[in-house]
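Visitor: 3D, please:
(2 chains)
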Amino acid sequence: MPELHSVVCVKVVPKSEEIRVDPKRMVLVREDVRSEINPPDMNALEIALRLKDRFGGAVSILSMGPTSFVPFLKVGAAMGADHIYLLSDRDFAGADTLATTYTLALGIRKLGKVNLVFCGEESADGATGQVPAGLAEWLDIGQLSMLTEIDIDTVNSSARGRREIGGGYEILEVGMPCVVSVQTACNEPRFMDYDRKSWAFDDSRVTLWNAEDLDAAPELIGIHGSPTIVSGLAEAAVRERRREFIEGTSEEIAKQVSEILRQNLT
Amino acid sequence: MVSSIYDAASASDTIWVYLEHESGEFEGVSLQLLSKGRQLADQLGWKLAGILMGRQPDALAKQAIAFGVDEVWMGVHQLLESFTIEAYTKVFYEAVLEGKPSVLLLGATPNGRDLAGRLAVRLRTGLNADCTGLEIESESGVLISQVSGFGGGILALIEMGLHRPQMATVRSGVFDAPDANNTRSGVVIEIPISLKEDELNTKVLEKVTGGGVDLSQAQVILAGGRGVEGDFEMLAELADLLPRAEVGATRPPVDEGFIERERQIGQTGVVCSPRVAVCCGISGAFHFIVGVEKADVVIAINSDPKAEIFQHADYCIVGDVNEILPKITACLRTSLEVADA
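Guide: Purely as a prediction, here's the structure:
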């Protein structure tokens, strides 16, 4: 098999612990919130880099968003990726899953020979987890979802992986090229390689592609390519609870709690 | 604007539910969707249909009718014995083009998500993932999906205009399971299938199932967060004393590998509706609270008196869970022994 080429789809998201809600305006306050590579995507990048360590080849990072994402994506290059492709165009904005997967699929097609497309299990901000399947569909290739481990067979050009399913696991094999989504936290992403840093942070590591470069159909990108709309926002109704504090020594507390448990079960 | 393969004008007045099954039994979430689907269909005067695929799913088709569907669209083929994304998507897609449902609901299980993601692209339609509520406007037939937003506390209402089917996935436990009624009647529609082995790119080499838990059915939930420091054995000891009690967790211990993913509670896990939920060492982030919102009684133990969890608990205990919980277990064990004797 010729050189292995993996693409890792990466999203840059605001750090979840820093997001606040403005209760009056009913909006998420994103000002002063720092960004990072979506943590589940870091697990996907790590799995791709481990394959590169074993089999050689190249790892490309693919993302969609504004050019302000570039510094965050360069962290991935410093970890070991070879190049960054950022799909950036005002017309890509407002994309839901359908438009996002279409646009990413165009980027992957433009990359030419790709064996494996890795994605995180879901994004920390949207958490829909629907991108990997949609991407595989646009590309008309197989997929392995929520893997914790992967191995590839370079002779038969297939990928094999293990995933957890309700109370057990399964081992699946699929022909390459294929899309692979990686279970969150299944590995420990490596740190930046500081020897690589000045190389990785050089702007020549980054290629920007806009809608014209991708020859994207205008009706399939951004808002126009997105069937879903947010029609309203509402405050989540939170159930009123008694909020009664039980005090005393831990023995007294234990007695009361075990009594509450018993009362509620009979 | 992108158009779906069929639109609102040509869609039928039906709601479809994907009937996922394993070892001859329906997934809990599929049944829960049938009860919600039935309620919405009755409100609108629409039909409720289930789509069922497998090698020999006939017995399940009968059950589906008892659980409330008017129609079962059944795909029977030996290549449908194990779930493969290629075969299931193909049969599902062809059935949808035939039946043209207005609404299509799937459980947000690993396979349900994959199917939904593929189908939505193939049908060029919208997909609302992990919905916490579903409503349909009677006049327009527009599905309004409620999704809890990032950061919590805010619900986004999502809809699509003319795209059909209106697709949504839902986590287990969001809706209640229906009761079976064997006197109900319904029709089985067999889906014509042309599948060949070489169309399947996926091979299932090994599969181990069983021992799975469905937290949405538990009567008592003992949930642990960061504060239990990975000691879920401590929670299991108390669970062993209580009928239909299960151990659950917030996301961090799951991500850190202390406990299985199927025991994760909350917006991206399971929504539970037990009589009692005991929250141990849990801070009370909104996406977790969603998962115990339906508990009759919530007991919280946390060492931080200002922890958010206490805003959402009936009984609040400030203290070290690692000290208090074993004492509760011991106390309960003694009182149960006394009651037995």
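
Visitor: In space, not sequence, find me the middle residue of chain B.
Guide: The centroid of chain B falls nearest to residue B:172 when counting by C-alpha atoms, centre = their mean (1.8 Å).

Visitor: ok, now how distant is it from chain A?
Guide: For residue B:172, the distance to chain A (C-beta to the nearest C-beta, to the nearest Å) stands at 10 Å. Heads up, the C-betas are built off the backbone N, CA and C, glycines and all.

Visitor: pretty sure that residue is in a strand, no?
Guide: No: using DSSP: H, G, I helix; E, B strand; the rest coil, the assignment for residue B:172 is coil, not a strand.

Visitor: what are the phi and psi angles of the residue lying closest to it once chain neighbours are set aside?
Guide: Leaving aside its chain neighbours, residue B:172 sits nearest to residue B:29 (4.1 Å; criterion: C-beta to C-beta, 6 or more residues apart in numbering or on different chains). Here is the backbone geometry of residue B:29 (degrees, to the nearest 10): phi -70, psi -30.

Visitor: so who does the residue nearest to the centre of chain B touch?
Guide: Applying C-beta atoms under 8 Å, 6 or more residues apart in numbering or on different chains to residue B:172 gives the contacts B:27, B:28, B:29, B:32, B:107, B:108, B:109, B:214, B:215, B:216, B:270, B:271.

Visitor: For the longest strand anywhere in chain A, which strands pair with it and how are they oriented?
Guide: Counting by DSSP state E, the longest strand found in chain A is strand A:142-153. Strand A:142-153 has its sheet partners listed here by DSSP bridges as strand A:158-165 (antiparallel), strand A:178-182 (parallel).

Visitor: quick one: contacts of that strand?
Guide: Contact partners of strand A:142-153, identified using C-beta under 8 Å, 6+ apart, comprise A:4, A:47, A:51, A:55, A:115-116, A:121, A:132-133, A:136, A:158-164, A:172, A:174-176, A:178-183, A:186, B:85-86, B:110, B:113-114, B:201-202.

Visitor: Emit the PyMOL select command for whichever of those are buried.
Guide: A single PyMOL command selects the buried members of the contacts of strand A:142-153 (16 or more other C-beta atoms under 10 Å in any protein chain shown):
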select buried, (chain A and resi 4+47+51+115+116+121+132+133+136+158+159+160+161+162+163+164+172+174+176+178+179+180+181+182+183+186) or (chain B and resi 85+86+110+113+114+201+202)
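
Visitor: so where's the chain uncertain?
Guide: No chain was given, so I picked chain A. Scanning chain A for pLDDT under 70 picks out A:1-2, A:16-17, A:19-30, A:124-127, A:166-167, A:266.

Visitor: you looked at the wrong chain, it should be chain B
Guide: B:149-153, B:210-211.

Visitor: Okay, strands next: where are they in the stretch 201-341 of chain B?
Guide: Under the criterion DSSP state E, counting those that start in this stretch, the stretch 201-341 of chain B carries strands at the ranges B:202-208, B:220-224, B:245-249, B:276-280, B:297-302, B:315-318.

Visitor: next one: the stretch 151-266 of chain A
Guide: Taking DSSP E, counting those that start in this stretch to define them, one finds strands in the stretch 151-266 of chain A at A:158-165, A:168-175, A:178-182, A:206-209, A:228-235, A:244-245.

Visitor: Could you dump these into a markdown table with distance to residue B:60 added?
Guide: What follows is these, written out as a markdown table (distance: least, C-beta to C-beta, whole Å):
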| stretch | distance to residue B:60 |
| --- | --- |
| strand A:158-165 | 19 |
| strand A:168-175 | 21 |
| strand A:178-182 | 29 |
| strand A:206-209 | 48 |
| strand A:228-235 | 32 |
| strand A:244-245 | 46 |
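
Visitor: how about the helices in the chain?
Guide: The chain I'm using is chain A. Using DSSP state H, the helices found in chain A span residues A:39-55, A:70-79, A:97-110, A:131-139, A:197-200, A:211-214, A:250-263.

Visitor: sorry, should have said chain B
Guide: Assigned by DSSP H, chain B shows helices spanning B:28-44, B:58-66, B:85-99, B:110-123, B:232-239, B:251-255, B:286-289, B:321-340.

Visitor: Looking at the ones you listed, which is nearest to residue A:252?
Guide: With C-beta to C-beta as the criterion, residue A:252 lies closest to helix B:321-340 of these, at 9.8 Å.

Visitor: Give the buried residues for the closest one.
Guide: Under 16+ other C-beta under 10 Å, the buried positions of helix B:321-340 are B:321, B:322, B:324, B:325, B:326, B:327, B:328, B:329, B:331, B:332, B:335.

Visitor: and the nearest residue to the last one once chain neighbours are set aside, how many neighbours?
Guide: Read it as residue B:335. Closest residue to residue B:335 in three dimensions, ignoring its sequence neighbours and counting by C-beta to C-beta, 6+ apart: residue A:258, at 6.1 Å. By other C-beta atoms under 10 Å in any protein chain shown, 22 other residues sit near residue A:258.

Visitor: got it, and residue A:39?
Guide: Count around residue A:39 with other C-beta under 10 Å applied: 17.

Visitor: picking up where we left off before, between the strands paired with strand A:142-153, which one is nearest to residue A:106?
Guide: Distance to residue A:106, taken as C-beta to C-beta, is lowest for strand A:178-182 among the strands paired with strand A:142-153, at 14.7 Å.

Visitor: which residues are contacting the closest one?
Guide: Residues contacting strand A:178-182 (C-beta under 8 Å, 6+ apart): A:40, A:43-44, A:47, A:116-121, A:129, A:132-133, A:135-136, A:139, A:141-148, A:150, A:159, A:161, B:201.

Visitor: run the last query once more with 6 Å
Guide: Outside strand A:178-182, the residues within contact range by C-beta atoms under 6 Å, 6 or more residues apart in numbering or on different chains are A:43-44, A:47, A:116-119, A:121, A:132, A:135-136, A:141-147, A:159.

Visitor: for stretch B:174-194, same thing?
Guide: B:31-32, B:34-36, B:61, B:65-75, B:77, B:91, B:95, B:132, B:271.

Visitor: If any of those residues are buried, give me the ChimeraX selection for them.
Guide: Applied in ChimeraX, the following selects the buried portion of the contacts of stretch B:174-194 according to 16+ other C-beta under 10 Å:
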select /B:31,32,34,35,36,61,65,66,67,68,69,70,71,72,73,74,75,91,95,132,271
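
Visitor: For stretch B:334-341, list the C-alpha coordinates in PDB.
Guide: Backbone C-alpha positions of stretch B:334-341 (Å, rounded to 0.1, in the frame of the first residue of the first chain) are rendered in PDB as follows:
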ATOM      1  CA  THR B 334     -28.900  -3.200  60.000                       C
ATOM      2  CA  SER B 335     -32.500  -1.900  59.700                       C
ATOM      3  CA  LEU B 336     -33.300  -4.400  56.900                       C
ATOM      4  CA  GLU B 337     -32.000  -7.300  59.000                       C
ATOM      5  CA  VAL B 338     -34.100  -6.100  61.900                       C
ATOM      6  CA  ALA B 339     -37.200  -5.900  59.600                       C
ATOM      7  CA  ASP B 340     -36.400  -9.400  58.200                       C
ATOM      8  CA  ALA B 341     -36.100 -10.900  61.700                       C
END
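
Visitor: burial count for the closest residue to residue B:201 other than its chain neighbours?
Guide: Spatial nearest neighbour of residue B:201, excluding adjacent residues (C-beta to C-beta, 6+ apart): residue A:142 at 3.8 Å. By other C-beta under 10 Å, the residues close to residue A:142 number 23.

Visitor: so what's residue A:142 bridging to?
Guide: residue A:178.

Visitor: on that earlier part again, would you turn the helices of chain A into TSV with distance to residue B:50?
Guide: Output for the helices of chain A, formatted as TSV (distance: least, C-beta to C-beta, whole Å):
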stretch	distance to residue B:50
helix A:39-55	32
helix A:70-79	44
helix A:97-110	25
helix A:131-139	22
helix A:197-200	52
helix A:211-214	40
helix A:250-263	38
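
Visitor: Just say which of these is most tucked in.
Guide: helix A:131-139 (a mean of 25; mean count of other C-beta atoms under 10 Å in any protein chain shown).

Visitor: Show me what it is packed up against.
Guide: Counting contacts by 3 or more C-beta pairs under 6 Å, 6 or more residues apart in numbering or on different chains; DSSP states H and E, helix A:131-139 packs against helix A:97-110, strand A:178-182, helix B:110-123.
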